[in-house]
Every structure is written in structure tokens, then in C-alpha cells.
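Chemist: Sequence isn't available, so here's the structure alone:
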Ligand SMILES: Cc1ncc(C[n+]2csc(CCOP(=O)(O)OP(=O)(O)O)c2C)c(N)n1
Ligand SMILES: Cc1ncc(C[n+]2csc(CCOP(=O)(O)OP(=O)(O)O)c2C)c(N)n1
Ligand SMILES: [Mg+2]
Ligand SMILES: [Mg+2]
């Protein structure tokens, strides 16, 4: 095991996959100069780790600013022998290529009766909470969850990022990654050998019996902090990260709620029609009889992102908001504890 | 009152709005020749009802096939004095302009601190169930519900279509319409005088006490048929159409579920992260204590749309599926009725 | 200079065969729409056969193609057998896409047809991708993408042309200029000439003024293909042609957007008759030989219709296949 | 032929003032980023002042402008006062967008600035829309949109140019060609020359080779604006210029994508010094007058920084305003 940052893990997965398979290429804006930090290691081009040095310009390709064409070209390349990784940098830029994602990547295999397979990974990162204003701060993964035919990963830790990205690159279907820039610096122990984490398997970060908390992407660490705090106040929290949103391991979540009877979901996307809505809907179907309290969602508010730091911090989930949600549905436990304490 | 078809109602609302306000213009592909049936009445250009004849080519404008530019241009025009109606014909074409919807229409007023208002209507129709294959059959409104700053209407009857579209055109905010082509021919009594239906007010089509059924767009008539059938079998169904999805009248839905304790939601969009998920999540929060059965969603399956008629009909909600969902959550009532009958 | 007329006789006759296949296939499809055998929307390439076939015949085995909504001609042009295509239009299990694509979404990977696209413009970068894989993998194939004059106003085309030009990719952009996008005359919504847009993106642009001449189209595309194969990058070819029928079958437009004179002029330039006469005039084939080809293709089309109509419907389970390459738990069957 | 140098002296001095405002404002902003007063990302127009100001001064009151991510220069060029702009960068209640836009999203409707756009290319059709409203309403205004050489490869530009050309809209497409898109040299990702793309879309294209000469830029844009106002349609103007600093403040790129020689050459062509020298040489202004302007603008910038820093933070409630024009029930406060 060695300690790796979240962003380092992404670079490492790309490097391993590029080395393992000649058909893997990386295309995107400014990937040659490693502007976004996942296509190079050293401080200078010549240093070990630089992808252009290692893999050459045939396989590491700067592109024009043409997201729609880049995405479509990668799809076409994937349909004809390559396994491209497209670095789209900001998740906010995905809209430019929406038609290609929905009408080509998601539909071609299905429409053509299985004639094509489309092994392509579209990487993007959610740069939110960084005071860059409304255009650069989006967390648009829920829209893509509404499009059957795409697979979606949203890792919250370094080891998950590495193992899932490797699986994504090895998958024969189009995968979108939604990486979390607020987690870039987070460190975790990561296995030294190459490894894959399968899609559709949630990770239970802590077990508990009073409430299930689902934390997605950048909201997972907040959920864990909230769980710590509530544990100290006598509420036993189970914290689950689905890790992949399509396919999603709803069984693990439902099973947990059947045990705890309570559910809070935290995610950085807008609330309306978000992943939390989907999870709440599934639980309200499959585990309604076990629910002893309302399902609470702690999402980004349905507002655009304001620039000023004093405003922007009002928009996203925080540990405090998650704690408040837990308090709202765990009144019983808290009363008990209070009674015991007094 | 006079009887009007759903598509006729849309044309009529456009005509009234064009007559009422010189700043209203219509732009879109093939609007001059009235290819999609909402910019003209007669069989020939010269006949009364033709919009080009009535309003002239300055205000009725054919466009190139350039959805992104058309949408952006309409936004810019709305920011500087016009009130454009953009006819995008198929809802499946909205993806081409996704960036403009999300980054300009939805964000400009907010980002610029209220300096701009953006009175523009983006009309599109969901042509599903018509055996045109995966590219032309999308029902993508849930994606747009995840974008704060847009308003969304999805009328299910002629009178709602007319009154809501008039409100949309008169609104100072960007509105997307999702019209339902399967309902184009549906007729309803419509007031003769001009009228507006406010956004955010649901329409309760029938009252009932055992179960709440929410029907959206083309699924509303199916929900009403299912309600008829179940009523005959002793289940009293309340059927609600939210009519506008943003803002959505969740109060009416929650109030109904507080009364009935049961909820089935039917909609033509894909299930994952759809409008039904949002409604289920809201009810699982606000009315969980009143629920006596799981919340069931009857949506389009999470599949793309296959061409062959024998395949395509497997994908969407049907009266039978809605009935099955009601049966699943109304076992008690049905048993009672059965007992009484036997 | 390439001269298609110096091709071996069997290739010239194959051109005529493919043009006839498109013509008769589409005429038959149109009838089947009217009789209710074919559901949905159908756009024919009747009148544009030379433009399609001249281009496809200029390619080699292993090359790739993407098409558009006017969509049967391209796979036929690439040599796809008619039976599975017609079965696809009818929505049968034997369809080339198993009944899941339909008229707007034909694809036949056997002949390099990567897929037609109901969304105009959407398949353009797919062809660029096929040329990128050729370049990266060092394979000598080229790709072509077909799009209309209306579609030539979509931004994705220029992003694609620019990317292909910057990378010197082996791809051909072929604009099927039939003067209209649905009811909209091209000149009313188009600034400048489409062919002139090539040079600003660093590639040659050629316009085939007589797009009803299959050889003229062949020559232009063959030159572009050779150039691409030599590693010299992409080209734009604009072919002037005309659709003889309405935009789509059964569509009725109340405004007379194409006048009778224009229609008469163009229908007098039938690419199939023109080529037949040329081959006979040049002594390459006899009238009898040409008649025999007519009969041969008539029979092929007859057979494809029979095949389509007699084929079984797809099994319902097929609706739930092919979304992903691996198993997919469909959560949402009630 | 238009000659900007024959403009009244006060307008020429105003050009220098605006260039100085951009330079000193951006230098100050850069310092404030380093000191942590300005959060987020900041892109300066230092080095590109002539390109911005020459263009904006060629417009008239009532005209509209949209800009891009390199974003402070454009509103300043349009005549926006500095205080609310700097306050916006700092995120204060007195900001021109109430603290909700920030560096990437300045807008000042008072001077016709309809909004900068962090998403490159996204604001191009907005300007086209402003020109459409002018045409429909019969108003004599024009619109201009600024975008970079990198952005010139986005499809939305060509859709917009085509639409504007087909409708003969009064709009100017101004490409700020500073040879790079972030770390990517333009020539490596661009097929052909940007200016040459105009003719294929039916509009004139002019290239201002010396984009450091504010008068040259003024002349080109003024001609385009006059043309637009006469109802003759849109133009593309490509201005060759250079950014003196890194792509954005604080960004560190490990690869040396711009060589020292090139940088030295361009920094020797400082538009502000060039114009100062020209005005003095032509006898239009004295060195003393120019010095006085320097001092005046220095003070303005000093004042705007003070104003920004001393202004209050926005009230938290402002985060929840301006999403819609009418009341909005925010369902999702827990
Ligand atoms: C993105 C998109 N916009 C609009 C349409 C609707 N549509 C289908 S075909 C067509 C006209 C296409 O014209 P052109 O490209 O010239 O091809 P032609 O039909 O003339 O062969 C239009 C507008 C579409 N399918 N996709
Ligand atoms: C749609 C989109 N893609 C990518 C980016 C990231 N990005 C911001 S600025 C920039 C380079 C822009 O280059 P250019 O247009 O030449 O403008 P310059 O920065 O040189 O002024 C890039 C790639 C973006 N903001 N928006
Ligand atoms: Mg055409
Ligand atoms: Mg640049």
C-alpha cells in the first residue's frame, strides 16, 4: 500500500491503463502540458511521469476547444478500434457535447442492435466551492443518470477513484466520470498492485443501526464528519457511498434502511431530480414499510452558484446541514440520550 | 366555450400572444411553411390563419438548422427587447443547445445580479410512441428540472396547453414547454376569451380517497383510464396533474397523499432521476408518516426507444402498468371489495 | 486526374446496380409506407442516387461511412444487401439492426456503415473518429460522412472540419446539396457558399456542379479519398443534386416552396437514365445488358420486400438487449 | 476610409484613458489575487488593451457587447466605472453584479455590456440576439462579441455567423487572436486562418495585423459597425495581439509553451506606450498631458481598490434573489 491523493490516483490509473493497452489514448484541451494535473508527474516535460514523453503525441493529443467534436470523435474512434479517454476538464463543459453523449454514446449500441460497442471514458471534474461563479461550478451528473446507456462514476476517495477509473477504461461501454475537485488533495492508502473496483457495488464506510446516511462525491466526507458528531451524541450512523451512480447498488442502501428505518442523503448536485431524489424514490418503494421517519435530502439548493464566498457557501451541503437533517429524523434517539444524560 | 384540439390550442395561444404584443416573434426551422402545425391555420399561405400573412416575415422567421445559435440568439434578443417564441419542434433537438439553456438562459439573470430578464419561450414537443426510433422520441424534461432558473410546463390537455402557453409567453423568465404529440388530437372545451393559467398550480382531475395518482403529460389520460377501471373495482382514485414541473405544486400532491396514504406516479420520461423520482422524494419527506404503502413509479423503462412497434410499446407507461401499480399498493381495498363480492 | 469512366466495366455496372437498388428500394419503401407496412418516418434518396453511389464507390473495403436522416441510400451505396435493410424498415427480427433502428438509424458494420443519424449533423464527428482511429493505429482506411445543405449550418460540422484539418485526418465531408432543408430554401438561411467554407478550415473544397453524373461525383470523392489515404488530410466535397420527392413520405406542406419549373428541370436529369445512356453511348454496355440489370435489381427489390414481410417480428426480449455490453439489471420493470 | 486619428482629441485621449484603466485595473487585480483579496480565477487583458479599446470606442451609445473569460477589459472598454467592477471581483455588495458574478461574469447593462461568459463561445449568440432585436424593432444599434483564437474553433461561432449573415444582422464578430488557447498554440489546433472563415459564411473578414495599434483596431471595427448600421450585415474582424501574462493569475504550467524571444518581441510592442508616443509625435497631445492622464487613471484605480475593499459583503439573502423575476419558493432549505 502507498498513500496517494485523489488526483494522483486518477493520473496513476490513466498511466497504468495507457501502459497496459496501446489502444488507450488521451485527448482533451491542454492535456499535453498537463494543465489539469492528470497527464504528467514531474515539474518539467522531460521528467519521468510526463505522458507525452512516455506515450508520445500520437496517443496524447491536445484538441481545439470543440467539445462537441471531441466527444463525437472519441465515440467514433471507440467504435472503430480505440479506447479513448477524453479529458473534458470541467464538468461544466459537458453541456457543449450533450447531443453526442445522449444521441451517439448512449444510443448507438442499442439502436444498431448491438453492432457497435463504445469503449470510451469521458473524464470531467466538478470544480465547485472555489469561487469561480456560476459557469464553472456545475455538478450535472443527475442529467446523465436520466440517459440510459451511459455508465457514471463519482468516486469520493483516492482508492475508489483509481480502481473505478481502471474499470471504466476497461469497460466496453461509455463511462462518464464526475471527479470532485474539493477532494483532489484527499489522501488514502491505495494498493500497490493494479486493481479494479467493479461498477454497481457500494462502499459502506461505517456501520450503524439508527440511521442510514448516503454520501455522494464531495458530500461523503461531510457525511462521515456528521456521523462522527452524531455518534458522540448517541446516534449510530451507517454511512454508504454508492460510488457508481449508473449502475447503482440500491440493494445495499435498501438493506441498510430496512435495518435502520431512517435515511438522509447528501450530494453536491441540485436537489430537484438529483441522485438523492432517485435514492429516496427507490427506498420509498422498496423499504417504505421499514421507514420510521421522513427521508431527508441535503443537496445543493436549487439556485445557481453565486460568486462571492459569503454567498457561495450558502448553496452546498455542509456538515451542519447533514447534522440538522439527522437531528430532524432521529428525535427519538436524541431524546433518549438526553434523558439518560439528565 | 369552444372545442379545440391540443395542437390547435397551442397555435391559438401563439396567435393571441402575437396579436397582443408586437415584441413577440416566432423563430424556428420551417415555421414559415407551418410544417409543425402551430404557425398557420388554412390550407394555403393566403388563407386566414397563416402567420406569415398575418404577422409578416419580420416576426415569423425560418432559421437555419442551428439549434445552439437559435436558442442563444433568442436569449440575447429577449435580453434586449423582444419576447421570442422559439419553435424547436422535437424535444429531442434540445440537446444541441444545452449549453445555451443551462449557461445563458438559466444563469444570466442570477449571475448578473438581476440586470437581465429573459422573456423567452422554448417550445418543443415529445414525439414518442410514433415508431421513429431512438433519436426522435426523447422526453428529456427531467434534465431541465435539475437546472434552476428555467421554468417548465408539460400540459396534458388542450385548455391547459392554451392557458399555460399564454402565461409562459407573458412571463419574464425563460420557459420550456414539453408538449405531448400523442395528445395532439385530444379535444377539450376551451374558454373563448383569452385566459392565463398560472404556473405552479396543479389540476386535480378527479377526487378520491384511497390513492393518489399523479399523471404527467401523455401519462395523464392513462392515469385517468386506470382510475376509471379501479373505481369500478372499488378503489377510489384521486388523479392530479402538476401541469407545470418548475415550479411544481407539490403542496396539492402532498395534501392528497396525507388523505389517501398511497401514491402512484406515471410519466413518459425515463425513470432514473425523473419527475416521478422528485415527487416520490418530496412525498417521502413531507408525508412519510401518512404512507401506508410503497410509492410506485410507472415511467418509461430505462431503455432507449426501439423502432419496431412490437418493441416500442414495451417501453412506455400504459394503462395496464398503472393498474398493476395501483393493485400492488391497494391490496387491502381490493381484498375488501373481493370479500364483499364473494 | 482520375477518370471514373476508365474503371473496369463491372465496376461501372455495379454503379448502375447500386443506383437502381436505391431507386427501386426507396420506391418500394414509399409504397409500403402508404400501405401501412412501414411505420414511422421515411426519407427517400430518389433523385440523389448518383451523389450517393458515386461517393461510396470511390471508397475501398474497410473504409467507414456515416450518414443522416435521408438514410437508405448510404448503406445500399456501400454494398449492403437489401433484405435486412428492408426488414429493418418494417421492424422485423431479421432487420440489419434487429428491428431496433428503423429507417432513420440503419447501420451495417459489415460494409463499413457505422450508422445513419436521425439527428442531423450528429454523425459527422463519428466519421472523424473513425479516421482518428485509422491514424492512431496506422491503418490505411478513410472515412466519409454525408450531410445535407441544411445540416451544413450546424456548428458540429465546423468543429469537426477544424479538428480533422488540424490533425490531418483521412476523412471526407460530403455535402448533399439538394437546395432545401425540408421546406426551407437553402439560400434563405445560408450565408455564402458551403464549398467556400473549406479553405478557411485549411482543406480543399470542391463542388460537383452536376451531381446527377455519377462519374463526376466518383472522380471528386476518389480524389479526396486518395489524398486522405496519402496522409494529406480531409476534404470537403459539395455535390449539387435534387430530391425528386417530398422531404419525407406522406408529409404534406401547404406552401409551394419548390416551383414546378425547377422540379421539371431536375427530374429531366435523372441520374440513372443519364448513366445508362452514357454507358451505351460510350459503347461500354449494350441496351440489353442495361435492361438485364434493371430486371435483376427489380427482382432483388421484390425479394427484399418479400423477405421483410415474411420475416418474424422481433421477440419482445430484444427490446431489453444491447443497452450495455454487460448484464444490466433493469430496475424499473414494475 | 475611416481614420481614427482624425477623431476629436478628447476621444483620442479617452482611448488612452481606457487602455490605461484596463492595464492598471488588471495589474491591481493581479496583486489582489496574490494577497488573497480576490478569490477564484482571474484572466487579465494586459497586452491586449488596444484590441479591446479600439473596438469598443468604435461603437456608439446604445450598442451592445458580449465578452468572454478574459473579461475585465470589455466592460472597461465600454466605459464602465471601475469601482463596481473591482468590488465585483472582490465579491462585495457594491459589485456591478451584486457580488454574484465575479471576475468571469461581469456585466454592466448601463454601458451595453450584456455579460462576459466563463464558458467560452457561449456568449457569441447572445450578441447576435441583441442585433436581431435591433433589426426586428427597427433600432439602429449594433452589437459586438469578443472571443479568442481558441474559441474560434467552437461550432457555435459558425452557427452564429451563418445566422447573422443569412439575416443580415448588425453584429460584429471580433476574434482576439493572441496565438494561444491556454497552453495550446493556435496553429497546432486550427485548420486555416480564422479571418478566411468569413467569406464562406458570406461576410467580409478583415485581419488587423498590428492589433497593438489602437487606431488600426478602431478603423477596422468602425468600418464593420458602419456597415452593420447601414443594414449591410455582419463582419468578422480578427485582431492579432498578445497577452503579456500567464493565461490566468497564479496558474503555473510546467511546459514552456511560449518562448522568451516571442515574449520579448511582443512586450516591446506595448499598445499604451505606442499610442502615447504616437499622440505626442503627431502633436495631438503633449508629454505633460499624457503624464496627467497616467496620474488620473492611477488615482482612479487606487480609488476603485479602496472602494472595493471598504465595501460591505453582500447580505446572505442576496444568494437567493434573482433566479426568477417573480417569487420563488425555495423548496429545499432543509
Ligand atoms: C438537430 C436536428 N434539427 C432538426 C431536425 C429536423 N430535420 C430533419 S431533416 C431536416 C432538414 C435537413 O435538411 P438537409 O440537411 O438539407 O437534408 P435533406 O433533407 O435536404 O436531405 C430537418 C430540419 C433534425 N432531425 N435534427
Ligand atoms: C466551453 C469551454 N471549454 C473550455 C474552457 C476552458 N478554457 C477557458 S479559457 C480557455 C482558452 C481560451 O483560449 P482563447 O479563446 O484563445 O482565449 P484567450 O484565453 O487566449 O484569451 C479554455 C480552454 C471553457 N472555459 N469553456
Ligand atoms: Mg437539403
Ligand atoms: Mg487565445
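Modeler: Cool, got the structure. Computed from a predicted structure; not experimentally measured. Ligands and ions are numbered 1, 2, ... in the order given.

Chemist: Spell out the residue ranges of the strands in the chain.
Modeler: Because you didn't say which chain, this covers chain A. For chain A, the strands defined by DSSP state E occupy A:2-5, A:24-28, A:60-62, A:83-90, A:121-126, A:151-153, A:175-180, A:187-190, A:203-206, A:211-215, A:237-241, A:244-246, A:263-270, A:296-300.

Chemist: The chain in question should be chain C.
Modeler: With DSSP E, the ranges of strands along chain C come out as C:64-66, C:113-115, C:143-148, C:171-177, C:180-181, C:184-185, C:205-208, C:235-240.

Chemist: Mean neighbour count added to those, as a markdown table?
Modeler: Where C-beta positions appear, they are placed from N, C-alpha and C, glycine not excepted. Below are the strands of chain C laid out as a markdown table (neighbours: other Cβ atoms under 10 Å in any protein chain shown):
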| stretch | mean neighbour count |
| --- | --- |
| strand C:64-66 | 30 |
| strand C:113-115 | 28 |
| strand C:143-148 | 30 |
| strand C:171-177 | 29 |
| strand C:180-181 | 22 |
| strand C:184-185 | 19 |
| strand C:205-208 | 20 |
| strand C:235-240 | 26 |
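
Chemist: give me the residue from the stretch 101-250 of chain A nearest chain C.
Modeler: For the stretch 101-250 of chain A, the nearest residue to chain C under the criterion Cβ to the nearest Cβ is residue A:113, separated by 3.5 Å.

Chemist: what's the neighbour count on that residue?
Modeler: 24 (other Cβ atoms under 10 Å in any protein chain shown).

Chemist: which residues touch residue C:59?
Modeler: C:65, C:78, C:112, C:142, C:144, C:221, C:225 (Cβ atoms under 8 Å, 6 or more residues apart in numbering or on different chains).

Chemist: mind putting those in CSV, distance to ligand 3 and pLDDT included?
Modeler: Output for these, formatted as CSV (distance: Cβ to the ion, whole Å; pLDDT from 0 to 100):
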residue, distance to ligand 3, pLDDT
C:65, 18, 98
C:78, 21, 98
C:112, 24, 98
C:142, 24, 98
C:144, 18, 98
C:221, 18, 98
C:225, 23, 98
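
Chemist: Could you check how far residue C:182 is from chain B?
Modeler: Per Cβ to the nearest Cβ, to the nearest Å, residue C:182 is found 5 Å from chain B.

Chemist: Equivalent analysis for residue A:191, please.
Modeler: Using Cβ to the nearest Cβ, one gets 32 Å for the distance from residue A:191 to chain B.

Chemist: What's the local residue count around the nearest residue to that residue once chain neighbours are set aside?
Modeler: Once flanking residues are discounted, residue A:191 sits nearest to residue A:1: 6.0 Å by Cβ to Cβ, 6 or more residues apart in numbering or on different chains. By other Cβ under 10 Å, the residues close to residue A:1 number 10.

Chemist: cool, residue C:42 as well?
Modeler: That count, for residue C:42 with other Cβ under 10 Å as the rule, works out to 24.

Chemist: Please apply the same query to residue C:293.
Modeler: 18.

Chemist: Next: residue A:69.
Modeler: 31.

Chemist: I'd say it and residue C:163 touch.
Modeler: Yes. Residue A:69 lies in contact with residue C:163 (Cβ atoms under 8 Å); the separation is 4.9 Å.

Chemist: intersection of neighbour lists for the two?
Modeler: Common neighbours of residue A:69 and residue C:163 (Cβ under 8 Å, 6+ apart) are C:125, C:128.

Chemist: my guess is residue C:190 meets residue D:166, correct?
Modeler: Yes. Here residue C:190 reaches residue D:166: they are 6.1 Å apart, a contact under Cβ under 8 Å.

Chemist: Quickly list what's touching both of the two.
Modeler: Taking Cβ under 8 Å, 6+ apart as the contact rule, the neighbours common to residue C:190 and residue D:166 are B:64, D:202.

Chemist: dump the residue contacts of the closest residue to residue C:231 other than its chain neighbours.
Modeler: Nearest residue to residue C:231 in three dimensions, chain neighbours excluded: residue C:168, at 6.6 Å (Cβ to Cβ, 6+ apart). Going by Cβ under 8 Å, 6+ apart, residue C:168 touches C:135, C:231, C:232, C:233, C:234.

Chemist: Narrow those to just the buried residues.
Modeler: Neighbour counting by 16 or more other Cβ atoms under 10 Å in any protein chain shown classes C:135, C:233, C:234 among the contacts of residue C:168 as buried.

Chemist: For the second one, which non-adjacent residue is spatially closest?
Modeler: In space, and not counting its chain neighbours, residue C:233 is closest to residue C:168: 3.9 Å by Cβ to Cβ, 6+ apart.

Chemist: roughly how far apart are that neighbour and residue C:229?
Modeler: Using Cβ to Cβ, to the nearest Å, residue C:168 is found at 12 Å from residue C:229.

Chemist: can you check residue A:120 too?
Modeler: As for residue A:120, its distance to residue C:229 is 26 Å (criterion: Cβ to Cβ).

Chemist: quick one: contacts for residue 183?
Modeler: This is for chain A. Taking Cβ under 8 Å, 6+ apart as the criterion, residue A:183 is in contact with A:6, A:156, A:157, A:217, A:218, A:221.

Chemist: I was thinking of chain C, sorry if that wasn't clear
Modeler: Listed by Cβ under 8 Å, 6+ apart, the contact set of residue C:183 reads B:30, B:32, B:33, B:35, C:247, C:253, C:255, C:257.

Chemist: hmm, try it at 6 Å
Modeler: Counting by Cβ atoms under 6 Å, 6 or more residues apart in numbering or on different chains, residue C:183 touches B:30, B:33, B:35, C:253, C:257.

Chemist: What score does it have for pLDDT?
Modeler: Note on residue C:183: pLDDT of 97.

Chemist: what residue ranges in the stretch 201-334 of chain C are flagged as low confidence?
Modeler: Low-confidence segments of the stretch 201-334 of chain C (pLDDT under 70): C:331-334.

Chemist: at 90 what do you get?
Modeler: Along the stretch 201-334 of chain C, the parts satisfying pLDDT under 90 run over C:254-256, C:327-334.

Chemist: on that earlier part again, how much space is there between the residue nearest to residue C:233 and residue A:133?
Modeler: For residue C:168, the distance to residue A:133 equals 38 Å [Cβ to Cβ].

Chemist: Repeat that for residue C:243.
Modeler: As judged by Cβ to Cβ, residue C:243 and residue A:133 stand 48 Å apart.

Chemist: of these two, who's got more company?
Modeler: Higher neighbour count among residue C:243 and residue A:133: residue A:133, with 28 against 20, using other Cβ under 10 Å.

Chemist: Contact partners for the residue in the stretch 51-200 of chain C that ligand 2 sits nearest to?
Modeler: Closest contact between the stretch 51-200 of chain C and ligand 2, by Cβ to the nearest ligand atom, is at residue C:159 (11.2 Å). Counting by Cβ under 6 Å, 6+ apart, residue C:159 makes contact with A:66, A:68, A:69, D:155.

Chemist: try 10 Å this time
Modeler: A:63-70, A:72-73, A:96-97, C:124-125, C:128, C:201, D:153-158 (Cβ atoms under 10 Å, 6 or more residues apart in numbering or on different chains).

Chemist: Tell me how far it lies from ligand 3.
Modeler: As for residue C:159, its distance to ligand 3 is 21 Å (criterion: Cβ to the ion, to the nearest Å).

Chemist: again with residue C:74
Modeler: From residue C:74 to ligand 3 the distance is 15 Å (Cβ to the ion).

Chemist: is it true that that residue touches residue C:80?
Modeler: Yes. With contact defined as Cβ atoms under 10 Å, residue C:74 counts as touching residue C:80 (8.8 Å).

Chemist: So which of the two has more stuff around it?
Modeler: A count of neighbours by other Cβ under 10 Å puts residue C:74 above the other of residue C:74 and residue C:80, at 31 against 23.

Chemist: now the top helix by length along chain C, how far from the centre of its chain.
Modeler: Counting residues, the longest helix in chain C under DSSP state H turns out to be helix C:9-34. A distance of 12 Å separates the centroid of the chain from that of helix C:9-34, by Cα atoms, centre = their mean, to the nearest Å.
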